[in-house]
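following is a predicted model, sequence given first.
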Amino acid sequence: MALVNEHYLKLPGSYLFSDIAKKINTFKVTHPGKQLIRLGIGDVTRPLPQACIEAMHKAVDEMAHEETFHGYGPEQGYDFLIEAILKNDFAPRGISFSPTEIFINDGAKSDTGNIGEILRWDNSMGVTDPIYPVYIDSNVMCGRAGELGPDGKWSNVTYLPCTAENHFIPQLPDRRVDIIYLCYPNNPTGTTLTKAELKRWVDYALENDTLIFFDAAYEAYIREPDVPHSIYEIKGAKRCAIEFHSYSKTAGFTGVRCGYTVVPKEVTAFKLDGDERVPLNPLWNRRQCTKFNGTSYITQRGAEAIYSPEGKAQVRATIDYYMENARIMREGLQAAGFHVFGGVNAPYIWLQTPDGTGSWRFFEQLLYEVNVVGTPGVGFGPSGEGFLRLTAFGKREDCIEAMRRIKGWA
Ligand SMILES: *Cc1c(COP(=O)(O)O)cnc(C)c1O
């Protein structure tokens, strides 16, 4: 008789996007002919940079000939891509890594979800709230998150509220935690931390032997100078942080699947008996070699092209497009009298609902009264109540039209 992993049964099911889909369907049936504008989507819409397309075409052709065919590649990724990462993402910021500290992945979701495997199940953990749901759900699955309480919080998770009151800058935990997840620029709030603010976290981690999982998926959207692109810009972070990168939001790779994870040689965790420090890099390498057979050659050639001069210019143009959408939305909403956050260093606008209206109620008002779709903030965690997330990943004309409707309505 096979027994299930009962921790899976604790997961309440991800109803957020299916609930939204149901409400949209109901609306469509009862309001045929109305033009909906979807600003809730978390997926990019612009096509891949031409440089990536060309590189991938070339790689496909290589696969057609015995002399240039590629079978299994290194589980850690090809050197050509790792070298491009070291040279372009880190060296210009004064950060150096050896190639064995970079692990090419098939997107940041896999690795942020899997990284907890190399740590004991009974570590304590902290997350900023609201947050990308993968961090919590993947910990529920191995029992680390504990039990779900009536307040929507897991018993072994320390929630660090990010609200308008604290300007979305989380307070350090009031107890020690073993693992902390940080995501900056943040999904869903679109806010960031300055170098000084992130330094507080690195210092806390070093003092408390806390491990930081830093999700840098939106690093390419940073526009302001004082915002760190990598946690390793902070001194000491190599001893306490693992960082996740993704080409999904940077270069439209959501359907292609590629990113990378940095596991510095210096980062360690303890054994239960005694205070021996165990380096995590060899553990993650072992995990990858056993359970992951590498990202496809074609994909990695596509990713490499992001770092070519043409690729860089094309990526910049796409990000500029989304960030212009963000500006239009942010300024349009402000002009209509709303309080909005984010949208400066991230493609997300975090809209505070007027008069304390609940997230879901405001979602429906927007849907029924102006036919605009957002994502209820409470879906990202308890502190998201009273907010709505809008994304800048849509079409320009849709953003403009949505603002026109909202202006006439609010
Ligand atoms: C979109 C996103 C990712 C990237 O996921 P991929 O698996 O690389 O597509 C990672 N973290 C956050 C917070 C995201 O929003």
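Sure, I can see it.

list the contacts of the closest residue to I406 other than its chain neighbours.
Using Cβ to Cβ, 6 or more residues apart in numbering and skipping the chain neighbours, the partner closest in space to I406 is A336 (5.2 Å). Any C-beta I mention is one placed from the backbone N, CA and C, and that applies to glycine too. By Cβ atoms under 8 Å, 6 or more residues apart in numbering, the residues touching A336 are 403, 406-407, 409-410.

filter these down to the buried ones and hand me the PyMOL line.
A single PyMOL command selects the buried members of the contacts of A336 (16 or more other Cβ atoms under 10 Å):
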select buried, resi 403+406
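
which single residue of the stretch 1-150 of the chain ends up nearest the ligand?
Closest contact between the stretch 1-150 of the chain and the ligand, by Cβ to the nearest ligand atom, is at G107 (2.8 Å).

can you report phi and psi for that residue?
Backbone torsions for G107, taken as degrees, to the nearest 10, come to phi 120, psi 150.

indicate whether the strand or helix carrying I24 makes contact with the ligand.
Per DSSP states H and E, I24 falls inside helix 16-30. No: contact of helix 16-30 with the ligand (Cβ under 6 Å from any ligand atom) is absent, the minimum separation being 13.2 Å.

what residues does that helix touch?
Counting by Cβ under 8 Å, 6+ apart, helix 16-30 makes contact with 34, 36, 40, 133, 363-364, 367-368, 371, 373, 375-376, 379, all of which sit outside it.

so which bits of it are buried?
Quick answer for helix 16-30 (16+ other Cβ under 10 Å): 20, 23, 27.

coming back round to it: ok, the residue of the stretch 1-150 of the chain closest to the ligand - contacts?
G107 neighbours (Cβ under 8 Å, 6+ apart): 246, 248, 253, 257-259.

for those residues, work out which two are farthest apart.
Greatest spacing in the contacts of G107, by Cβ to Cβ: S246 and R257 (9.3 Å).

which parts of this structure belong to which domain?
With domains defined by automatic domain parsing, the chain comprises 14-43+310-409, 54-307.

read off the pLDDT value for E101.
Predicted confidence (pLDDT) at E101: the value is 98.

now it, nearest residue through space, not along the chain?
P264 (5.4 Å).

and the one you found, helix, strand or coil?
Three-state assignment for P264 (DSSP: H, G, I helix; E, B strand; the rest coil): coil.

can you report how many residues lie near it?
By other Cβ atoms under 10 Å, 22 other residues sit near P264.

same question, T112
Other residues near T112 come to 25 when the count uses other Cβ under 10 Å.

closest to Y8 out of the domains of the chain?
Closest approach to Y8 among the domains of the chain is made by domain 54-307 (6.0 Å; Cβ to Cβ).

thinking again about what came up before, who's more crowded, S246 and R257?
The residue with more neighbours, out of S246 and R257, is S246; 27 against 18, by other Cβ under 10 Å.

so what's that one up against?
By Cβ under 8 Å, 6+ apart, the contact set of S246 is 107-108, 217, 253, 258-259.

what do you get if the cut-off is 7 Å, keeping everything else the same?
Taking Cβ atoms under 7 Å, 6 or more residues apart in numbering, we find S246 in contact with 107-108, 217, 259.

kindly indicate which of those lies nearest W350.
Using Cβ to Cβ, A217 comes nearest to W350 of those, at 16.4 Å.

up against the ligand, what does this structure have?
Residues of the chain lying close to the ligand by Cβ under 6 Å from any ligand atom are 107-109, 132, 183, 187, 215, 217, 246, 248-249, 254, 259.

hmm, back to that, from the contacts of G107, which land in strands?
Mapping the contacts of G107 onto strands (DSSP state E) picks out 246, 259.

make TSV from the contacts of G107 and add pLDDT to it.
Output for the contacts of G107, formatted as TSV (pLDDT from 0 to 100):
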residue	pLDDT
S246	98
S248	98
F253	98
R257	98
C258	98
G259	98
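
longest helix in the chain, please.
Longest helix of the chain, by residue count under DSSP state H: helix 309-335.

which strands and helices lie in contact with that helix?
Applying 3 or more Cβ pairs under 7 Å, 6 or more residues apart in numbering; DSSP states H and E, one finds that helix 309-335 contacts helix 50-62, strand 339-342, strand 348-352, helix 396-409.

report the distance from that helix to the chain centre.
With Cα atoms, centre = their mean, to the nearest Å as the basis, helix 309-335 stands 18 Å off its chain's centre.

and the closest residue to L86 other than its chain neighbours, how many neighbours?
Excluding its sequence neighbours, the residue lying closest to L86 (Cβ to Cβ, 6+ apart) is F97, at 6.0 Å. For F97, the neighbour count with other Cβ under 10 Å is 19.

name the next helix or strand downstream of the worst-scoring helix or strand of the chain on mean pLDDT, please.
In the chain, no helix or strand scores lower on mean pLDDT, DSSP states H and E than helix 16-30, which sits at a mean of 92. Remark: after helix 16-30, the chain's next helix or strand is strand 37-38, criterion DSSP H and E.
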